[in-house]
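# Can you look at this prediction? I've put the sequence above it.
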Amino acid sequence: MSSTVEKLSSTRVKLTIEVPFSDLTPAIHKAYRELASQVSIPGFRKGHVPDKLIDARVGRGVVISEAVNAMLPDIYAGTIEEHKLTPLGRPEIEMTKMEEGETIEFTAEVDIAPDFDMPDFSAISVTVDALEDLDKAVDERIEILRERFAQVNDVDRPSQEGDQVRINLVGSQDGEVLPDATAEGLTYVIGSGGMLEGLDEAVTGCVAGDEKTFQSALAGGDHAGEPADITVTVTEVQERTLPKVDDDFAQLVSQFDTVDEMRDDLRKAVAQMGVFDQLSEARTKVLDEAVREADFDIPEDLVEEEVRNRVAQITDQLKSGGVSLEQYIEKVEDPEIATVADFENSIRRSVEKGIRAEILLSRVADEVKVSVNQQDLTNFIFQKARENGTSPEQEIAHMQSHDHLAEWMGQIRQSKALDSIVAQASITDTAGNTVDVSPLLTPEAPIADDVIVED
């Protein structure tokens, strides 16, 4: 077998591959066996039909075509490996010569990863958020636990900040009630915010049975962001009593016997999460900088195909919810997205960044010889289980049933390549401290599920 490579552009090549007809012999024998098991000819059992009768029934040309098609994937893969090419997408294969007894010839055009000069990763410098004050963070988490385990009692007095009220809401515009802005039996803590602007003022000082009307922008539904008249009816007013932070409280909300033990455990968890968030931010920012510094072309056809697929997927998801893409765009609070063309351009920018990141990280993985072992895969599976609220066994079953092994191994490889870039960059926090990235390089380091950073 012989092959040549013609460079059509910086991101596309044309392979011309010649295969001696004699190399097809094993594949031709296999094709005869398979066809013999499929055709029915009187007087012969399936699987025992002579080759000449198969030629007479389906044609010798069909047999040769079957043999060539069976060999093509291996021939193509071998040629790609021989010329050290990194294909991006599916090849366009054309058979240019196929005559019995002569050389078989075909061409394959395919997009490939371009060659480019690697950026100087040591010149990359990013700043991430400083770690939060541990004592303050622990106090905040304990306060959340106190809120969660608060006792509530009905009261006859007017409501005040901190009270829990049960309310009904009716939203209307020009006197017409909006069904998707109507709700009953909602529980709300006065002063907590996050529901409707003006609600706190409306329900403060109310007793059960009071009704108030105020104006506010709707938070969701078909009229999200639009002003509406909101009528709120208070049906219950309850006083909330937060538990004291003592050993009894620690035993109620945790597996610990004392407050000190509970606080120590929360402190460790907060510290660990802070480091994880800081390193995650560092990885994102370093990758963004590395992609910006890497100067190379990417296949336009590959970009356009991915854009079409993403837009189609989003459109189908919206349609299943009864919303058109145009209606969705109208609700998007983004000054840069006002039309379908704007939306597609935003998807295109995201796709281009993703492809660039994938090409760069694959190149880095090759150069630093990143390897992926069983422990890496195990860590990845356990992390996915934690993130998805499943068990490792369920993730393994999902991987096997959907044939995700190669994809997951690729994600791990690129994630480790990114960690090697981060290790070379200069990373400081907003307080001016140098960030320790060594946890990324330990065997137990968390592996990102998707290292391709989107806009």
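Perfect, thanks for sending it. Numbering: from 1, shown residues only.
# can you pull the buried residues of the longest helix anywhere in the chain?
In the chain, taking DSSP state H as the definition, the longest helix is helix 259-293. Neighbour-count burial for helix 259-293, counted by 16 or more other Cβ atoms under 10 Å, picks out 259, 262-263, 266, 270, 274, 278-279, 281-291. Glycine gets a C-beta too; all of them are placed from N, C-alpha and C.
# any idea which element the closest residue to Ser159 other than its chain neighbours lies in?
Take Ser159 and drop its neighbours on the chain: the residue closest to it by Cβ to Cβ, 6 or more residues apart in numbering is Val237, 4.6 Å away. If you go by DSSP states H and E, Val237 is part of strand 227-241.
# Would you confirm that the residue nearest to Ser159 contacts Arg157?
Yes - with contact defined as Cβ atoms under 8 Å, Val237 counts as touching Arg157 (7.4 Å).
# Compare neighbour counts for these two and give me the winner.
Comparing Val237 with Arg157 by other Cβ atoms under 10 Å, the one with more neighbours is Val237, at 23 against 10.
# Quick check: beta-bridge partners of that one?
Val165 (DSSP bridges).
# residues touching it, list them.
The contact partners of Val237, by Cβ atoms under 8 Å, 6 or more residues apart in numbering, come to 154-159, 163-165, 206-208.
# The helix or strand bottoming out on mean pLDDT in the chain packs against which elements?
When each helix and strand of the chain is scored by mean pLDDT, DSSP states H and E, helix 51-58 comes last, with a mean of 80. In terms of contacts (3 or more Cβ pairs under 8 Å, 6 or more residues apart in numbering; DSSP states H and E), helix 51-58 is packed against helix 25-36.
# which outside residues touch the helix it packs on?
The contact list for helix 25-36, computed with Cβ under 8 Å, 6+ apart, reads 46-49, 51, 54, 58, 62-64, 66-68, 70-71.
# Restricted to strands, list these.
With DSSP state E as the criterion, strands contain none of the contacts of helix 25-36.
# so which of those residues comes closest to Arg386?
Of all the contacts of helix 25-36, Arg386 sits closest to Ala70, with 43.3 Å by Cβ to Cβ.
# Mind pulling up the pLDDT for the nearest residue to that closest one once chain neighbours are set aside?
Excluding the flanking residues, the one nearest Ala70 by Cβ to Cβ, 6+ apart is Ala27, at 5.1 Å. Predicted confidence (pLDDT) for Ala27: 88.
# what's the answer for the one 3 residues further on, then?
Note for Lys30: predicted pLDDT of 88.
# Next, count neighbours for it.
14.
# Now do it against Ala36, distance only.
Going from Lys30 to Ala36 by Cβ to Cβ, to the nearest Å gives 11 Å.
# Can you give the contact residues for stretch 307-315?
Stretch 307-315 is contacted by residues 325, 343-344, 347-348, 351 when judged by Cβ under 8 Å, 6+ apart.
# pLDDT-wise, what's the bottom of those residues?
Leu325 (90).
# Quick check: closest non-adjacent residue to that residue.
Excluding the flanking residues, the one nearest Leu325 by Cβ to Cβ, 6+ apart is Thr315, at 5.0 Å.
# For Asp334, which non-adjacent residue is closest in space?
Ser346 (7.8 Å).
# what about that neighbour, which SS state?
Using DSSP: H, G, I helix; E, B strand; the rest coil, the structure places Ser346 in helix.
# element containing Glu184, please.
For Glu184, the host element (DSSP H and E) is strand 176-189.
# actually Ser172, sorry about that
Assigned by DSSP H and E, Ser172 falls within strand 164-173.
# where do the strands sit along the chain?
Going by DSSP E, the chain shows strands at 2-9, 12-19, 92-97, 104-111, 125-128, 151-154, 164-173, 176-189, 211-217, 227-241, 426-429.
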